[in-house]
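In: just the structure for this:
(one chain, ligands or ions: 1)
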Amino acid sequence: MARMEGKTVLVTGAAGGLGFAIARTFADEGAHAVLVDRDAQRLAQSVEELRAAGASCSSLVADLSEEDSIRALADEVCTAHASLDVLVNNAGLAYGEIASGFFGLGFAKWQHYLAVNTLAPLLLAEHLRAPLARARGLIINQSSMASNVPGTAYGVTKAALNAVTFGLASQLAGEGVRCVAIAPGMMETEASTGALGDEAMARLTGMQLAPSRPGSPSDIAEACLYLASREGSFLNNLVLPVDAGNRLRGYRG
Ligand SMILES: NC(=O)c1ccc[n+]([C@@H]2O[C@H](COP(=O)([O-])OP(=O)(O)OC[C@H]3O[C@@H](n4cnc5c(N)ncnc54)[C@H](O)[C@@H]3O)[C@@H](O)[C@H]2O)c1
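Out: This next block holds a predicted model:
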């Protein structure tokens with residue numbers, strides 16, 4: 001039997017990249033996947049692709065940098081789904097100035113980066129507390145190996161997300177809800193290869209221990225599936241590196 005039969009999973013930032021791979025992997029295992037993104041057009045294409053493959057899925061457009069939009073999203077989810085087995089907070093800002101900048105960004109940019117990467121996962125978990133509790137569910141926050149060396153705004157937002165993960169695990173334990181983070185290394189997605197280019201991708205992949213192959217979205221999706229499966233059900237309150245040992249080599253963004 002498929003491992004996620006009868007389960008419902010919500011994945012943010014699921015229009016492409018790691019989020020889409022996670023949604024597809026859970027749907028392949030029989031789950032109903034709710035795909036969320038701010039990019040309505042790409043989201044519609046991704047949902048169409050999943051449906052064509054026979055998946056059970058639905059989509060909701062939301063801008064997770066806006067508190068009203070997070071609340072409206074949660075209201076729609078609560079109306080449609082009495083229980084939610086897995087919430088994957090994957091949406092994030094990862095490329096461009098956030099990944100290189102630290103000083104000189106100013107208050108507004110820091111607020112925006114922290115809103116999307118750190119606070120949206122916290123608020124979405126808060127507003128989806130009831131359906132998560134009904135399922136005795138799991139929250140997976142998409143962190144990064146950059147959280148180990150927070151020398152960029154990106155690293156700071158993901159290090160703070162790790163702290164949010166520990167906070168949620170402790171706050172929601174009484175309701176039977178677990179909360180973990182995954183810290184991917186260098187994974188090949190359209191966005192990462194497009195933003196970093198071949199040379200930087202090769203340099204960062206070259207910092208791995210083993211295996212030396214580039215990380216793929218399915219590496220992350222399979223890790224999420226493990227955490228949500230019976231086999232991973234004793235794991236809680238942790239940040240799981242999925243990076244071929246990259247963080248151990250003194251990663252610098
Ligand atoms: N690819 C990697 O190597 C890597 C490594 C470590 C961590 N990550 C993390 O994994 C996640 C996905 O990365 P990716 O490479 O697939 O990038 P991506 O840009 O393809 O995915 C991010 C998704 O989030 C969505 N999004 C961004 N802001 C949003 C908002 N305000 N509201 C709703 N949706 C929003 C985007 O539209 C996009 O679909 C990110 O959180 C990133 O930080 C990626």
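In: what does stretch 99-109 contact?
Out: Stretch 99-109 is contacted from outside by Glu97, Ile98, Tyr113, Ala146, Gly151, Thr152, Ala153, Tyr154, Val156, Ala195, Gly253, using CB atoms under 8 Å, 6 or more residues apart in numbering. Backbone N, C-alpha and C define where each C-beta goes, glycine included.
In: please state the mean pLDDT value computed over it.
Out: Stretch 99-109 carries an average pLDDT of 96.
In: next, the buried residues of it.
Out: Neighbour-count burial for stretch 99-109, counted by 16 or more other CB atoms under 10 Å, picks out Ala99, Leu105.
In: how about stretch 66-81?
Out: Applying 16+ other CB under 10 Å to stretch 66-81 flags Ile70, Leu73, Ala74, Val77, His81 as buried.
In: pLDDT at the last one, what is it?
Out: Think His81. Confidence at His81, expressed as pLDDT, is 98.
In: could you measure from it over to the ligand?
Out: According to CB to the nearest ligand atom, to the nearest Å, His81 and the ligand sit 19 Å apart.
In: am I right that that residue is in contact with Val9?
Out: No: contact criterion CB atoms under 8 Å: His81 and Val9 do not qualify, at 10.2 Å.
In: farthest-apart pair in the contacts of stretch 99-109, please.
Out: With distances taken as CB to CB, the most widely separated pair in the contacts of stretch 99-109 is Val156 and Ala195, at 18.5 Å.
In: looking at these two, which one has more neighbours?
Out: Ranked by neighbour count (other CB atoms under 10 Å), Val156 and Ala195 place Val156 first, with 20 against 14.
In: doesn't that one lie inside a helix?
Out: Yes: assessed by DSSP: H, G, I helix; E, B strand; the rest coil, Val156 belongs to a helix.
In: tell me the SS of Leu35?
Out: Criterion first, three-state DSSP; result for Leu35: strand.
In: what is the burial count for it?
Out: 28.
In: quickly list what it is bridged to.
Out: Taking DSSP bridges as the rule, Leu35 bridges to Val11, Ser59.
In: near the ligand, which residues of the stretch 51-200 of the chain are found?
Out: Neighbours of the ligand within the stretch 51-200 of the chain, by CB under 6 Å from any ligand atom: 62-65, 90-94, 116, 142, 144, 184, 186-187, 189, 191-192.
In: among those residues, which are in strands?
Out: The strands, defined by DSSP state E, take in Gln142, Pro184 from these.
In: could you pick out which of the residues of the stretch 51-200 of the chain next to the ligand are located in helices?
Out: Ala191, Ser192 (DSSP state H).
In: where does the stretch 151-253 of the chain dip in pLDDT?
Out: Scanning the stretch 151-253 of the chain for pLDDT under 70 picks out 250-253.
In: swap in 80 and give it another go.
Out: 249-253 (pLDDT under 80).
In: give me the residue at the spatial middle of this structure.
Out: For the chain, the residue sitting closest to the mean C-alpha position, by CA atoms, centre = their mean, is Asn90 at 2.0 Å.
In: is it true that it touches Ser144?
Out: No: under the criterion of CB under 8 Å, Asn90 is not in contact with Ser144, lying 11.2 Å apart.
In: any idea which helix or strand carries Phe166?
Out: helix 153-172 (DSSP states H and E).
In: keeping just the C-alphas, turn that helix into CSV.
Out: Taking C-alpha atoms only, helix 153-172 is exported to CSV below (Å, rounded to 0.1, in the frame of the first residue of the first chain):
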residue,chain,number,x,y,z
ALA,A,153,20.8,37.7,5.5
TYR,A,154,19.7,34.4,4.1
GLY,A,155,21.7,32.4,6.7
VAL,A,156,20.3,34.6,9.5
THR,A,157,16.7,34.0,8.3
LYS,A,158,17.3,30.2,8.2
ALA,A,159,19.1,30.1,11.5
ALA,A,160,16.1,31.9,13.0
LEU,A,161,13.9,29.3,11.3
ASN,A,162,15.8,26.6,13.1
ALA,A,163,14.9,28.3,16.4
VAL,A,164,11.3,28.6,15.3
THR,A,165,11.4,24.9,14.6
PHE,A,166,12.5,24.1,18.2
GLY,A,167,9.9,26.6,19.6
LEU,A,168,7.1,24.9,17.6
ALA,A,169,8.2,21.4,18.6
SER,A,170,8.0,22.4,22.2
GLN,A,171,4.7,24.5,22.0
LEU,A,172,2.8,21.8,20.0
